[in-house]
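Trainee: Give me a model of this one.
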Amino acid sequence: MKLNELRDREGATHSSKRVGRGIGSGKGKTGGRGVKGQKARSGVAINGFEGGQMPLYRRLPKRGFRKPFAKSYNAVSLGRIQAAIDAKKLDAKETVNAEALVKAGVIRRAKDGVRLLASGELKTKLAFDIAGASKTALEAVEKAGGSVKLPEPAAAAE
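Mentor: Take a look at the predicted model:
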């Protein structure tokens, strides 16, 4: 096959409709836009406009609040970590932190830290240096003989 022989598959491209080119074309006069009105003109931008009736997005009440500085954590289960150790991707002798988990491919990127969850079973003694953990996850790590280092909570402003 040569470059000059390249073609699209049959039916992949359509020739554009030539509108407004006489009554015999079937798309003459109004050019497929119906009759007069705002939608027959160019530059129509009426998303959410309901003909003067109060639009739905303004009839419904506002709800909720989103923290502007909310932290986004990676949730990692004990079962995932054990699977990474069994697959020899994580070294059990080294501290398990966000960087180690990214390197092992357990998480894609370290967001604001890693939060440990208790689903699955941990059989290996591990030292964790992470942003947070559930109570049951802490108990499971300590039961396996490991330790968890969490950041100190910020002291209340006086």
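Trainee: Distance-wise, check residue 52 relative to residue 37.
Mentor: Here residue 52 is placed at a distance of 14 Å from residue 37 (CB to CB, to the nearest Å). For every residue, glycine as well, the C-beta is placed using N, CA and C.
Trainee: of the two, who's got more company?
Mentor: The residue with the greater number of neighbours, taking residue 52 and residue 37 and applying other CB atoms under 10 Å, is residue 37; the counts read 9 against 6.
Trainee: Would you state the helices of this structure in chain order?
Mentor: With DSSP state H as the definition, the chain shows helices at residue ranges 56-59, 78-86, 98-104, 135-143.
Trainee: Which one of these lies nearest to residue 1?
Mentor: Nearest to residue 1, of all the helices of the chain, is helix 98-104, at 43.4 Å by CB to CB.
Trainee: name the helices or strands packed onto the closest one?
Mentor: Contact here means 3 or more CB pairs under 8 Å, 6 or more residues apart in numbering; DSSP states H and E; on that basis helix 98-104 packs against strand 74-77, helix 78-86.
Trainee: wait, doesn't residue 85 sit right on residue 124?
Mentor: Yes. Contact between residue 85 and residue 124 holds when scored by CB atoms under 8 Å: they sit 5.3 Å apart.
Trainee: Between the two, which contacts overlap?
Mentor: Common neighbours of residue 85 and residue 124 are listed as residue 92 (criterion: CB atoms under 8 Å, 6 or more residues apart in numbering).
Trainee: what ranges do the strands span in the chain?
Mentor: 74-77, 114-117, 127-129, 132-133, 147-149 (DSSP state E).
Trainee: Turn those into a markdown table, columns for mean pLDDT.
Mentor: Formatted as a markdown table, the entries for these read as follows, by pLDDT from 0 to 100:
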| stretch | mean pLDDT |
| --- | --- |
| strand 74-77 | 96 |
| strand 114-117 | 95 |
| strand 127-129 | 95 |
| strand 132-133 | 94 |
| strand 147-149 | 93 |
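Trainee: Tell me which of those sits most buried.
Mentor: Mean neighbour counts were taken over the strands of the chain using mean count of other CB atoms under 10 Å, and the top value, a mean of 22, falls to strand 114-117.
Trainee: Quote the end-to-end distance of stretch 4-14.
Mentor: With CA to CA, to the nearest Å applied, stretch 4-14 spans 21 Å between its terminal residues.
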